[in-house]
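**Student:** A structural model of the following input is requested.
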Amino acid sequence: MKIISAADKPKILNRFTSIDTLYEIVQNSKLKLSNPKFWEDKNDVEYIEAYKKKKLLKQVLALCFTDESETIYHWKAFSETINSCCIEFNAEKLLQLIDGKKGFRFGKVKYLKISELKKELVNIDDIPFCKRYPYRNECEYRIIFDSTYPISTKNINIDLSLINDVTINQKININIYKNIKTELETKYNINVIRSTVIKNTRWIKHIEGMKII
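**Tutor:** Reported below is the predicted structural model:
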């Protein structure tokens, strides 16, 4: 397991994903780690493949979060379609499920400039937790599973009480949002809210109500 200092322990872990994946999670009570070879960042794809070869592993799987509150960058970077959401997990309870289990490691991603590589990246085990500096706005946190045998996926069985709430993309149709909210809150007891990143009524009303000085 990757050693995490007290200062690095997150309180929340936000998972940006599709509405379809959200329903898979709540219906099956499972989080699925996937193959990094399908990631958009080809730097990630190549260096995790190199890490796998150096460690003589058959597979490396990953699950990515951010340990920061939602930003417009997160919505654009991690949710490619309108049909998306952000699932906020209780980080402590989630990480307890895998802490010390064989193959699992977790930790914050460190964002490095190319000029810093030789000095900062000296341990092979740190490779899956490093990324290029231009991606620093992600504030990414990763769960990694190293396997010595061929596998395509790895699941983490969870209790839905680990989900603090679900934030739905503000661009989604309001009626679809209301339907999702009603179903998840009624059937799964999960709090559902709508993002206000691109339009916040309280912010607008405050500005409109300000007196000219």
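
**Student:** all strands of the chain, in order?
**Tutor:** 12-18, 30-33, 59-66, 84-90, 104-108, 110-112, 130-132, 140-147, 154-157, 163-168, 192-194 (DSSP state E).

**Student:** can I get these in a markdown table including distance to residue 122 and mean pLDDT?
**Tutor:** Yep, even glycine has a C-beta here, placed from its N, CA and C like the rest. Output for those, formatted as a markdown table (distance: least, C-beta to C-beta, whole Å; pLDDT from 0 to 100):
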| stretch | distance to residue 122 | mean pLDDT |
| --- | --- | --- |
| strand 12-18 | 27 | 94 |
| strand 30-33 | 26 | 96 |
| strand 59-66 | 20 | 94 |
| strand 84-90 | 31 | 95 |
| strand 104-108 | 16 | 95 |
| strand 110-112 | 12 | 92 |
| strand 130-132 | 11 | 89 |
| strand 140-147 | 18 | 95 |
| strand 154-157 | 28 | 96 |
| strand 163-168 | 37 | 96 |
| strand 192-194 | 43 | 94 |
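
**Student:** so the residue sitting furthest away from the middle of the chain versus residue 150, what's the distance?
**Tutor:** In the chain, counting by C-alpha atoms, centre = their mean, residue 213 sits farthest out from the average C-alpha position, at 44.2 Å. Applying C-beta to C-beta, to the nearest Å, the value for residue 213 to residue 150 is 68 Å.

**Student:** ok, residue 9 next?
**Tutor:** 33 Å.

**Student:** what does residue 47 give?
**Tutor:** Distance from residue 47 to residue 150, by C-beta to C-beta: 20 Å.

**Student:** more neighbours: those two, which one.
**Tutor:** residue 47 (18 against 7; other C-beta atoms under 10 Å).

**Student:** for the more buried one, give me the pLDDT.
**Tutor:** Here, the pLDDT recorded for residue 47 equals 89.
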